[in-house]
Structure formats: structure tokens, C-alpha cells
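Engineer: sequence? don't have it. structure:
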């Protein structure tokens, strides 16, 4: 939410003038409250009808800035929390702001300044008609359907102005993780609304998982929109029981606008692209490029390219990754829509750049589409916005008559460096593993070591080993296999850990290499486990 | 053996005999019904047989004769060759105690645990919500459910879950997920990712899942496979004419993202199922296994062509047929120009993703999931759930 533009400070109010007085009044009251508290400043922000932005955006863990009835806080079984504000706009409908995630046992992390669908582009195969539904019609206001309990049977209905139009419900992911003895699935918070645009009903969906993942989604249902009486045209299909109509094939292109503000600052995020490039010897090298200017990127299926936005340049900083899995359809019509050749855009946040296409329709002083926004600006020390599109080519089938079954599209933004590991997700009963036969060792320099640690687990979980303080020349893999050649005499205290998917057990042992005096360790620093035996096969190297 | 789940379905004479396999039926409240037989094999886990679907108000009609994983490759990035996770010669039938098939418990299956093919609790069956099936204007949304059948097996410390999800409106979603413990380590940052200070960097890997889908649609007639393309005709006003081509001979096939390529299996009645590679954002490539360079393939049905690679030595369960030993070794052997005329087609389909470990994958990998949809296409004359003229 950089708010760097002043050209269209009032775009949200002027062009969407049919937004209700209720919403304006609500914002005004809230703004005055925040101004009184010194929490906002007057600068451009398309998120507010008054063109102000929230001065809180730079602060990590700041409370989401909205009224109670526009705020959603969801705590999950594992202790994770999602906290965000929402509003429904005439054009984009559901807009999420101040999105924060708190990992189990961690501090809140600011993730997104704002997130929304920024265009719903529908192109028919006969090329006679193209819709830009968000800008031509809008997904909010009168296009937003009132929901009932039948639409939201397991959730809670939230009011947009005076009528229920958002469903909030808790669900469960189909995925999580699995070991030999347990399966854990992520819990989720889902928000959705339904917009009727022509014959189509679009389900605008946002899902937030307890592991930090975010899934923007959209379901297309309702009924087929366009048909032709020219039955011989090769642009559609004649469906059963309707021999006089050719229903036209078409592509839905969904564009999301994601203003990331990861961590402490909105202006230190980094954008990178990773490719896994096949080498002539069959191996695959990772190539990562961090960009310093605005970008328009295409998928590269053979290198399995992914995109990442990180909170900073530090390799362990919180990050989100977009894997373009759902890109089996790519709508490209460069002659008409030059931006259609690209799948992801990176731009500097600019309030003037609101919609992925037909932007000038409401903002005459602004550029018209997302490819134009990519004009070489530096993204260093700037607030970065990602724009991602996913497409679906719809070939009519008889089952679409009517009503059409929902076709879901979307993508997942996976977190990195937000959790301390898988264990923070588990909430099932579990017993910790323990070492078996761990004992002190004595060897000579030059000895070759082939050995392994041993441990047991009451739940029969698969175990993973780690170690620090190993003598030089010795490595241990995650199965606990020790291998190498002892390079240097000395007394070493090796700290070892064994983990199941929930617990970690630590212990240590002494490893004396060569004839050196043993340094006595302070009492109480060694667990009982280290007194047990280590099964060790030592192959002494002949000198 | 017949297990009735949920609301009992009307009896089906055709479905009553699954032989050694486990029969299950599930009827949703709408009347939609799935009926099938299940088996589990040491090499590739779950197989579904004789799959039939009844749309509300319709009859129970055959969809799939047999479907299962055709191969799984795990290609560590520091290695020249992938590791086949399915190798029938190395994974012969074995006792339950020695099996790599994971026995489900209350912590790993919150549905019904099923004993299949001599393996106790080898399959998990559960019914879950499938969100809104359809919604139009202010009419109440039609909610729906799905039946999920899954089985998991281990390869060293990795767990692979093979699943088939059957939606109330007739979709079949084959799925595969990788989880378990990543234990391959390396120290070259080109190939391995350091995720924690106290452990060696974990090696990245690309996985390829391939499915073998033997269709048997509706009537006893032989099915055929059509390829749909929608190429952009720039010279003709940027239109996209639909091109439908019946595949008349065996072929290796590629996804064509810009042309929206897809494949339909169709019965002589016109009823079909469509494989839309919408989830095919990635393609797998390597320098060794030719068959894996294709995203899909169509072959004439041969009982012994069961795995896309390392098929040699694979035998048909319960059969000592010498022909089984004479089959080709890999998918590119099977595609040898045979005509598909009057031959039941088999569709092979692959998906790929890369595991680049994160701290969130430690010590257990978060699911790396691959899945795709097989969608009824003119299976019924209209939506069987609601007619709104």
C-alpha cells in the first residue's frame, strides 16, 4: 500500500459513486477515530473512498485497521491465527486488507496489504465478444447475490451493507502430511461471495490455511452465456435436447492483484524466480534470479519455474511461493490483449493501477492494462504488487444445461520460513522418540567410520536424526548414518537429536579421537540416554 | 464382498461380483451413486475396477474398467537418473507384515478403514463436502459431496498416497501426494536446500506421476479417444476454431497449453469423459527415459501393459499367462503403431512437480499433490441435478 500516486486519489469514490452512503459514513467515522488517535495520514489510497491510507502499514503485528464488523480473526486448533479486514466494492467486490498470519508460538506477521480479483476477462472463441466483467459490470453492488443458509450451510453469513452476502466457514484441506502412522490435514478459513454477471454466477473465494498458505479461488457456475444460431460454426457445440443452438466455447481469465507487505516493512520485499534446469548429464541445477525492476513473466513448464516474494534479502526471511500448477490453459491473443502473453506481473504499487485491463475506463489519467504498468521502474525499496492470472477454456457440454456445475480455478501461495517445522501443525496425541544404545566413543585419527544412531518410537513413527559437533571429516545423514574419516584428534561433544513429526528428543555423547586429555564436562548437562550403547562399526584404517 | 456406505444404493446385479476385490457402493442423498471394486498391489498401491456411476434419475453405467498409478519417478536433482518408485520386480506380493502398504489407523484415516487384497486397513474411504455444485441467481445453491478412496505405501521414509475422488456429479479425480521424511542430503547448493542449521541440506527432487486409465464407457461398444484443439487463427480475426481428431493409432501425446488441448474418451452412444490438462503447469524432462517425455499416451488395451516403465517381469495378478512375460518394458514400447480400431483404448497421463524443501517440510514433507479431473462430457442430456429453463 505505497500510495505513491496522487493522480487518481479519488478513483474509489468518483467512479464507484453508487457505493452506498452507508459505506462512506462508516469509513468516515472510522477515519476520524483513527485520525484522532494519530494512526492515519492523508495520502493516496484506492482502498478508501476518501483517498487516505493507513499509517499502520509499516508496522509488523499492528492490529488490522478496520471496524469490528469488517474484521475477521480466526484461531485454529494448532494455535495459528489469521487476522484480516474485508470490504465489498462495487467493482472488485471482496477486497481483503491488512492480512496477518500468526504461526503457532510466533509473533504476528503482516502478509498482504491488500488482495483482490482485479479482472475477470472472458473471451469467446468466435472472437466477436470479449467481456471484462469487473470493469464492464462489477462483482459487487447489485451484482452481488444475497446469500441464505442454503448457500452457507456450515458457516456464518456476513452482511454487506444491509444484506447477507459473504459466507465465512471453517473447512479442512485435502492435503497436509502423512507418515506411516498419522495423517494431518490443514484447517482452513474460507470466505466467499457470489456475483451474478449475466448468466454466469461467480463464486469469489479466499481460503486461509492454518499452515500459512493462502488460496485465492473462483468458481464459475450459473448458466452458459452466449450461443449462435449458425450451427456450422466451429466455435462451439450443439448440446443434447437443444438441436438449434450452438453454445460457444470461451476462456475465463482470472487476474488477481496481490499487494504483499511481508514483515516489518512494505518496501523491502524481494521478488525472485527459480528454475530447475536440466543439465546434459541428467542432473538439474537450480537457478534463482532476483529482479530489481518491474517484470512481466511467462511460465516455463520444462524448468518447473516458480515465483517467490520474500520479506527481505535474507535467505531465511518469510516468503511466499507461487507454483503455476494450474496453467494447463494459457489464453494468448497478443494482437488484441498484449498482456495475455504473460502469466505474472510485478509492479510497484500505484493506486492508479487498479484493474488488470480496462483500467482507464474508470481512471482516464491512468494506464490501461497491467503490461503497461511494467515500464522499467525499479522495485528496490518499493512496495511490490504481484498480478497473477489463471485461465480456463470452457468447452460446453450437455451437463451445462442448466444450471451449470461449478468449475473451480485458483492457485495456492505456499509459505516458507513462517513455521518452525511440521511439528507446529500437529495436534494429535503423540509420544516422543528416544535414543537406544547411545554411548561414548573412542577412535584414532584416520579411522573410517560407517555407523548409525539408533532410536525407537512408541508410535512407530518414522524418525529423523540430526547432529552438531561431529569431529571434522564425519557427516551424518538424516537416517542417522555416520560416515567419513576422522581427520583431527580432539575431544568432541556431539549433540544429537531424533525427531518424529511432532517431538524432538535431544541427547549427546563424547567422542574422543586420539590420545588427548579428556575435558571433564559439567554435571547435569548430559541426558541419561547418552549412557546407553551406540551400535558402531568401526573400520580401522591400516597405517 | 460388498460394503454399502452411506445411503444404500439399489441393488446392482452387475456389480455384485468383484471376485477377490472389495466391492463398495456409495449413494449420495441426491441419488447419485458410485459403485466399484478395489484392490491393492504392493507395486503401485490402489487400483479401482469396474467403476460405475449413476447420475440422479439415470441408470448405473460403466465408466472405467481399471485405473491405477502407472509409474512414479523421483528424480533427485544431484542424480542423472530418476528412481522408480514402482518396480514390480522388486516389489512382489508379500505378507502384510513385510508389506510397504501402510495400515491405516484412527490417526491416519477419519473415514472407514477397509481390508483389501489381504491387507488390513489398507484403504481409507470417506465422504466429504464438495462445496457448491451449482448456483444461479437467487436460487438456493445446490451443495454436493464427494467420495474419496485412498491408500498409501512407503518407499524408505517417503509416503505416497494414491487416491481417487468421485464427486456427486460424476467427476473422477485421480490424485497422488508425496509426504513422509525427506532424507536424501547433499552439500551442493545447486541441488540441495539448507533448511535448518542442525541438519544437512535436503536434496531437491522432481517427481512424475503417471496414471493408467482403462475406460469402459457405458455401452459394450469399443470406446474411442478424440483430441480437441482450439488453435488461434490470427489471420481470421483471432478466432479459435475447434478441431476434433479421433486418434486412430497408438500415440504419445503432448499437452498444448496455448491451444487448450484436451482428450475425450467417447462411447458410440456419444457419452464421454473429458481429460482436461488444466493442472499441467509443469512438464517433466530427463535425458534417459524416453517414455516420460510425453504428457500422455493412448494405447490399445493389452492386459500385461500395466506400468509405464519397468513393466518387465510384471505379471497379471492371478495369471501365469506366458504373454505377460512378453510385454514391453515401457510405454514407448507399447506405442508401436497398433491401430485403435476395434481396440479398447487405454489413456496414460502424467503430471509433474518439484520438491524444493522448506523448513515447513521438516521433518515431514508437506504434501506435494498432483491431481486431475475426468469430467462427464455429454454423459447426461442435461444437468441431472436441476433443470431451470
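Structural biologist: Noted; the coordinates are in hand. Quantities reported herein were computed from a predicted structural model and do not represent experimental measurements. Numbers count the residues shown, from 1 in each chain, chains lettered A, B, ... in the order given.
Engineer: hey, let's count contacts and neighbours off CA atoms from now on
Structural biologist: Fine.
Engineer: against chain A, how distant is the spatially closest residue to residue B:63 that is not a sequence neighbour?
Structural biologist: Of all residues beyond its chain neighbours, the one nearest residue B:63 is residue B:217 (4.5 Å), with distances taken as CA to CA, 6 or more residues apart in numbering or on different chains. From residue B:217 over to chain A the distance is 17 Å, taken as CA to the nearest CA, to the nearest Å.
Engineer: right, and residue A:253 touches residue A:333 too?
Structural biologist: No: at 11.8 Å, residue A:253 and residue A:333 do not qualify as touching, with contact defined as CA atoms under 8 Å.
Engineer: and these two? Which one has more around it.
Structural biologist: Taking other CA atoms under 10 Å in any protein chain shown, residue A:253 and residue A:333 do not tie; residue A:253 has more neighbours (22 against 18).
Engineer: tell me where the model's unsure across chain B.
Structural biologist: Along chain B, the model assigns pLDDT under 70 to residues B:1-16, B:97, B:313-326, B:387-389.
Engineer: in it, what residue spans correspond to helices?
Structural biologist: Remark: helices assigned in chain B by DSSP state H are B:322-325, B:331-334.
Engineer: do the stretch 351-500 of chain A as well
Structural biologist: A:370-373 (DSSP state H, counting those that start in this stretch).
Engineer: low-confidence regions, it specifically.
Structural biologist: Looking at the stretch 351-500 of chain A by pLDDT under 70, you get A:423-429, A:478.
Engineer: what does it have sitting close to chain B?
Structural biologist: When proximity is defined as CA under 8 Å from any CA of the partner chain, the stretch 351-500 of chain A approaches chain B at A:392-393, A:397-406, A:416-423, A:428, A:462-464, A:466-468, A:476-479, A:499-500.
Engineer: what do you get if the cut-off is 6 Å, keeping everything else the same?
Structural biologist: A:397-399, A:401-402, A:405-406, A:416-417, A:419, A:421-422, A:466, A:478 (CA under 6 Å from any CA of the partner chain).
Engineer: reformat those as CSV; add neighbour count and distance to residue B:113.
Structural biologist: Output for those, formatted as CSV (neighbours: other CA atoms under 10 Å in any protein chain shown; distance: CA to CA, whole Å):
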residue, neighbour count, distance to residue B:113
A:397, 26, 36
A:398, 23, 37
A:399, 22, 34
A:401, 24, 38
A:402, 22, 37
A:405, 23, 31
A:406, 21, 30
A:416, 26, 34
A:417, 17, 35
A:419, 24, 32
A:421, 23, 29
A:422, 23, 25
A:466, 23, 35
A:478, 23, 32
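Engineer: can I get the residues you listed in TSV with distance to residue B:162?
Structural biologist: Listed next are these as TSV, based on distance: CA to CA, whole Å:
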residue	distance to residue B:162
A:397	29
A:398	31
A:399	28
A:401	33
A:402	33
A:405	26
A:406	25
A:416	26
A:417	29
A:419	27
A:421	25
A:422	21
A:466	30
A:478	26
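Engineer: which residues of the stretch 351-500 of chain A fall in strands?
Structural biologist: All strands of the stretch 351-500 of chain A, identified by DSSP state E, counting those that start in this stretch, fall at A:384-394, A:404-410, A:413-416, A:434-436, A:441-443, A:448-452, A:454-456, A:464-468, A:474-476, A:481-485, A:490-499.
Engineer: got the ones you listed as TSV, with distance to residue B:348 columns?
Structural biologist: Formatted as TSV, the strands of the stretch 351-500 of chain A follow (distance: least, CA to CA, whole Å):
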stretch	distance to residue B:348
strand A:384-394	22
strand A:404-410	24
strand A:413-416	29
strand A:434-436	45
strand A:441-443	54
strand A:448-452	42
strand A:454-456	42
strand A:464-468	36
strand A:474-476	41
strand A:481-485	39
strand A:490-499	39
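Engineer: out of those, the one nearest residue B:45 is which?
Structural biologist: strand A:464-468 (25.0 Å; CA to CA).
Engineer: can you check what angle separates the closest one from strand A:448-452?
Structural biologist: 140 degrees (axes from the mean of the first three to the mean of the last three CA atoms, to 10 degrees).
Engineer: from the contact counts, what lies against strand A:464-468?
Structural biologist: strand A:490-499 (3 or more CA pairs under 6 Å, 6 or more residues apart in numbering or on different chains; DSSP states H and E).
Engineer: between the residues of the stretch 351-500 of chain A next to chain B, which is nearest residue A:142?
Structural biologist: residue A:406 (21.6 Å).
Engineer: which helix or which strand is home to the spatially closest residue to the closest one that is not a sequence neighbour?
Structural biologist: Spatial nearest neighbour of residue A:406, excluding adjacent residues (CA to CA, 6+ apart): residue A:221 at 4.5 Å. Here residue A:221 sits within strand A:214-222, counting by DSSP states H and E.
Engineer: okay then, goodbye and thanks.
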